[in-house]
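> generate coordinates for the sequence data below:
(2 chains)
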2 protein chains.
Amino acid sequence: MELDFIRWLVQRVSAQSAGACLIGDDAAVLPREQFRDCVVATDLLADGVHFRLSEVGPEVVGRKALAVNLSDLAAMAAKPRAAFVSLLLPEGSAAEIARRLLEGMFPLADQFQVQIAGGDTNVWRGPLVINVAVVGDADPNRVWRRSGVRPGDALVVTGRLGGSILRHHLDFVPRIAASQYLLAHYDVHAAIDLSDGLSLDAWRLAAASRCAIELDEDAVPISEDAARLAQISPQQGTAWERAMNDGEDFELLLAVSEAESRKLMLDENLGLPCSLIGRAVRGAGLWLRSSAGELREIEPRGYEH
Amino acid sequence: MELDFIRWLVQRVSAQSAGACLIGDDAAVLPREQFRDCVVATDLLADGVHFRLSEVGPEVVGRKALAVNLSDLAAMAAKPRAAFVSLLLPEGSAAEIARRLLEGMFPLADQFQVQIAGGDTNVWRGPLVINVAVVGDADPNRVWRRSGVRPGDALVVTGRLGGSILRHHLDFVPRIAASQYLLAHYDVHAAIDLSDGLSLDAWRLAAASRCAIELDEDAVPISEDAARLAQISPQQGTAWERAMNDGEDFELLLAVSEAESRKLMLDENLGLPCSLIGRAVRGAGLWLRSSAGELREIEPRGYEH
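Reported below is the predicted structural model:
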């Protein structure tokens, strides 16, 4: 199966990249002109754990496997350049699944000018497993790290949160464009992408920066899907709880100075909604400020993969 | 399981790299000073397909998963810098397997100064799956590609071939040191690492370079394990057939000028045996020259993963 698939992939990738195909050697060579610092992320997804192949189909899985990695690069202010796709395919329909996975990946790769530059294909009797590694370029002096939050910073989140399981986790747009826009126009101190829920990821940001983060209870932006799920299954949490704790939002949580946050709240060029949800202060842990001004510490309750 | 493992890994990696741990953010940032061209390889291994975890143990699997990638970089004349490890672990013993995999990987990483710089851990009910991606540095003008063979070139192979299944496929030393030595002292036109058997990989080298390769039947270096296996299971092929067709030798097949090959055959500093096994000529395909001088075309018969 592998030789045929590689032949197809080489043709497909050559079409994507105007002939400059990197596939077909022992490794891919990414030209030095494309990189300053080299930023690398990798994510593995498995059928039955991260998705159900029989329900969503290979195209959606391929797109998601690339998208989660692009979200990681967005959180570092890196521009993605190349992706490497390792497949472990169920025998029988291996070739068809492989092609459809890649077909689902190409539109997203094209959108953000990411070259599919290599990978590995294998067949077995188990369920589909896909690993994608992405390599991006970043300005050495302007990479966003989790550890850069400063007491006094404002915390800003893109988009609306919660209820991702309804559909958003499969069709979200990784925040590459917003990240590159923010990089060009703002001084962002720190960032993280929300993959495991706002509460856990905000707690991680605080821990990495050795400070405390206070979130304003009323400021957390709740998605329509979180509200819908709260109506359908109220026993599984309110819409607000879902916005706080549901995983796979793949939005950006950013720390900026208070002045920058005011500018950002008025900026219509970012192209997506943005909410000021809290601030960093001296101390440790994650805290919630009620509308009455009461402060209480909360345990992160995000989804752990 | 993930948080504990990551904590352990961060400590372990910090010890490895004198405090400069890259793990703990959304992605790893590899400093531009470490790279000219950026060379990337990735390989996925699964229990029951590429190894049997219950027979060999996690340490051996971890080592192999890194080693196969380093072999790919050796074949490109790249110096490995960083490795990214994605794990899909069987539930129940996930944490123990993860630690032992990494413990098996660290000695090899240390030997070739490769930093474990990131990854992804997941747990499921299926067998162990491990993907490693490595990023290396190469001189843009001196990368070895499969396509660089010129008619008239001599074909040289490192080590002895065949019978890898007995043990070599689990304990082989990737030819990074030999590759870097050859890069410094020789003009290598093309290279490939022997992962799928000499006949298939030599055929690939010929195809990529749009030339024919003639191998001298008597010159193929046969390993002791190939001879041993031929004695144990003669019905599965002669020692010579094993040297031609067995996979996972992870030796280098190199194309150099005839003059360079003569120099190389006398070079005692390479540190491993080296054999002149044939030549490239105009034409296509893989050919075998008998001791009587007869030439016949052969079909590649390597193991396809």
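> tell me if stretch A:57-76 is near chain B.
Yes - using Cβ under 8 Å from any Cβ of the partner chain, we find that stretch A:57-76 touches chain B at A:71, A:72, A:73, A:75, A:76. Quick note: C-beta positions are derived from backbone N, CA and C, even for glycine.
> how about the residues you listed, which pair is most distant?
Within the residues of stretch A:57-76 next to chain B, A:71 and A:76 form the most distant pair, 10.2 Å apart (Cβ to Cβ).
> what do those two both touch?
residue B:26 (Cβ atoms under 8 Å, 6 or more residues apart in numbering or on different chains).
> sorry, back to before: export the residues of stretch A:57-76 next to chain B to a markdown table and tack on distance to residue A:113, pLDDT and neighbour count?
Below are the residues of stretch A:57-76 next to chain B laid out as a markdown table (distance: Cβ to Cβ, whole Å; pLDDT from 0 to 100; neighbours: other Cβ atoms under 10 Å in any protein chain shown):
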| residue | distance to residue A:113 | pLDDT | neighbour count |
| --- | --- | --- | --- |
| A:71 | 16 | 98 | 28 |
| A:72 | 17 | 97 | 28 |
| A:73 | 12 | 97 | 29 |
| A:75 | 18 | 97 | 30 |
| A:76 | 17 | 97 | 27 |
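> now, which of these lie within helices?
Judged by DSSP state H, the residues of stretch A:57-76 next to chain B include A:71, A:72, A:73 as members of helices.
> pull up the distance across stretch A:159-175, start to finish.
10 Å (Cα to Cα, to the nearest Å).
> and for stretch A:122-129?
Across stretch A:122-129, first to last residue, Cα to Cα, it's 10 Å.
> for that stretch, the distance to its chain's centre please.
Going by Cα atoms, centre = their mean, to the nearest Å, the spacing between the C-alpha centre of stretch A:122-129 and its chain's C-alpha centre is 25 Å.
> repeat for stretch A:47-66
That offset, for stretch A:47-66, works out to 16 Å (Cα atoms, centre = their mean).
> what residues are up against the residue in the stretch 151-300 of chain A positioned nearest to chain B?
Proximity of the stretch 151-300 of chain A to chain B (Cβ to the nearest Cβ) peaks at residue A:193, 5.7 Å away. By Cβ under 8 Å, 6+ apart, residue A:193 lies in contact with A:71, A:72, A:74, A:75, A:175, A:201, A:250, A:251, A:252, A:253, B:26.
> likewise for residue A:57?
A:100, A:104.
> now it: how far from residue A:107?
14 Å (Cβ to Cβ, to the nearest Å).
> residue A:88 too?
Residue A:88 is 23 Å from residue A:107, by Cβ to Cβ.
> am I right that residue A:88 is in a strand?
Yes - remark: residue A:88 belongs to a strand, assigned using DSSP: H, G, I helix; E, B strand; the rest coil.
> neighbours of it, just the number please.
27 (other Cβ atoms under 10 Å in any protein chain shown).
> hey, what's it bridged with?
Beta bridges link residue A:88 to residue A:122, residue A:129 when assigned by DSSP bridges.
> not counting its neighbours along the chain, what's nearest the residue of the stretch 151-300 of chain A closest to chain B?
Counting by Cβ to Cβ, 6 or more residues apart in numbering or on different chains, the nearest residue to residue A:193 once its immediate chain neighbours are dropped is residue A:75, at 3.9 Å.
> and if you look at residue A:8?
residue A:99 (6.5 Å).
> what pLDDT does that neighbour get?
Looking at residue A:99, its pLDDT stands at 95.
> do you know how far it is from chain B?
Separation of residue A:99 from chain B (Cβ to the nearest Cβ, to the nearest Å): 18 Å.
> what about that residue, which helix or strand?
Per DSSP states H and E, residue A:99 falls inside helix A:94-111.
> show me where the stretch 201-305 of chain A has helices.
A:224-232, A:239-245, A:258-265 (DSSP state H, counting those that start in this stretch).
> returning to that earlier point: wait, which of the ones in helices among the residues of stretch A:57-76 next to chain B is closest to residue A:37?
residue A:73 (11.8 Å).
> is it correct that that closest one is in contact with residue A:42?
No - Residue A:73 is beyond contact range of residue A:42, at 11.1 Å (criterion: Cβ atoms under 8 Å).
> could you list the low-confidence segments of chain A?
A:1-3, A:17-22, A:301-305 (pLDDT under 70).
> and the residue nearest the centre of it?
Closest to where the C-alpha atoms of chain A average out (Cα atoms, centre = their mean) is residue A:71, at 2.6 Å.
> how far away is residue A:58 from chain B?
17 Å.
> what's the answer for residue A:52, then?
In terms of Cβ to the nearest Cβ, residue A:52 sits 13 Å off from chain B.
> quick one: neighbours of that residue, just the number.
12.
> how close does it get to residue A:66?
19 Å.
> same question for residue A:109.
Distance from residue A:109 to residue A:66, by Cβ to Cβ: 6 Å.
> these two: who's more crowded?
Ranked by neighbour count (other Cβ under 10 Å), residue A:109 and residue A:66 place residue A:66 first, with 28 against 24.
> can I assume that one is in contact with residue A:73?
No - Residue A:66 lies out of contact with residue A:73 (Cβ under 8 Å); the separation is 10.7 Å.
> picking up where we left off before, so which of the helices of the stretch 201-305 of chain A is the most packed in?
helix A:239-245 (a mean of 22; mean count of other Cβ atoms under 10 Å in any protein chain shown).
> how about the residues of the stretch 51-200 of chain A by chain B?
A:71-73, A:75-76, A:78, A:82, A:84, A:86-88, A:117-120, A:122-127, A:129, A:131, A:133, A:135-136, A:138, A:140, A:143, A:145-147, A:191-193.
> which among the residues you listed count as buried?
A:71-73, A:75-76, A:78, A:82, A:84, A:86-88, A:117-120, A:122-124, A:126-127, A:129, A:131, A:133, A:135-136, A:138, A:143, A:145-146, A:191-193 (16 or more other Cβ atoms under 10 Å in any protein chain shown).
> that older thread, the residue nearest to residue A:8: neighbour count?
Residue A:99: 18 neighbours (other Cβ under 10 Å).
> how much space separates the residue nearest to residue A:172 when sequence neighbours are not counted from residue B:47?
Excluding its sequence neighbours, the residue lying closest to residue A:172 (Cβ to Cβ, 6+ apart) is residue A:250, at 4.7 Å. The spacing between residue A:250 and residue B:47, counted by Cβ to Cβ, is 30 Å.
> perfect, that will be all.
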